[in-house]
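Student: Next comes the sequence, and after it the predicted model I'd like to discuss.
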Amino acid sequence: MKSTLSALLIVALATPAFAEGPSSSLREAAHHAALTESLAQNRPTRHRSWPEEHPIVLGTIVGAGVGAVYGGLTCISPIAEGSGDCDYYTDPSGVRAAGMLYGAAWGAGIGALAGLVVKLALH
């Protein structure tokens, strides 16, 4: 369609017989068709919301938050000794902070993968 329209427009504008005289309606029709096609291509697309545009980033942020809360509540981390229960430690604040970091890292990874699945499903 585009190549036919382009060829018609080139012939209409390049040929002296079409440039002047009674056949100018063909040139006007070609110009109108090209203008209509140009306007159709420049239509604004539907504006998508931020979560629709960035599902992986949203999944990472939500996953990191949920993972940090879970890690902080359970005191599960690579440095935790014993059962992972916060009551096991005399001062669990360091283990709780390590659990939050550990949980945030895992949660961010899992959230990013979930966001990737959503992105692939939407596109």
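Tutor: Noted; the coordinates are in hand.

Student: List the contacts of stretch 60-80.
Tutor: With Cβ atoms under 8 Å, 6 or more residues apart in numbering as the test, stretch 60-80 has contacts from 84-86, 88-89, 92, 95-112, 114-115. Where C-beta positions appear, they are placed from N, C-alpha and C, glycine not excepted.

Student: Generate the ChimeraX command that creates a selection of the buried members of these.
Tutor: Only the buried entries of those go into this ChimeraX selection, using 16 or more other Cβ atoms under 10 Å:
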select :86,92,95,96,98,99,100,102,103,104,105,106,107,108,110,111,112,114,115
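
Student: among the contacts of stretch 60-80, which are in helices?
Tutor: Under the assignment DSSP state H, those contribute 95-112, 114-115 to helices.

Student: Would you map out the domains in the protein?
Tutor: According to automatic domain parsing, the chain comprises the domains 2-41, 50-122.

Student: weakest of those in terms of mean pLDDT?
Tutor: Ranked by mean pLDDT, the domains of the chain bottom out at domain 2-41, with a mean of 62.

Student: Give the burial count for His31, as a bare number.
Tutor: 14 (other Cβ atoms under 10 Å).

Student: sec struct for it, please.
Tutor: helix (DSSP: H, G, I helix; E, B strand; the rest coil).
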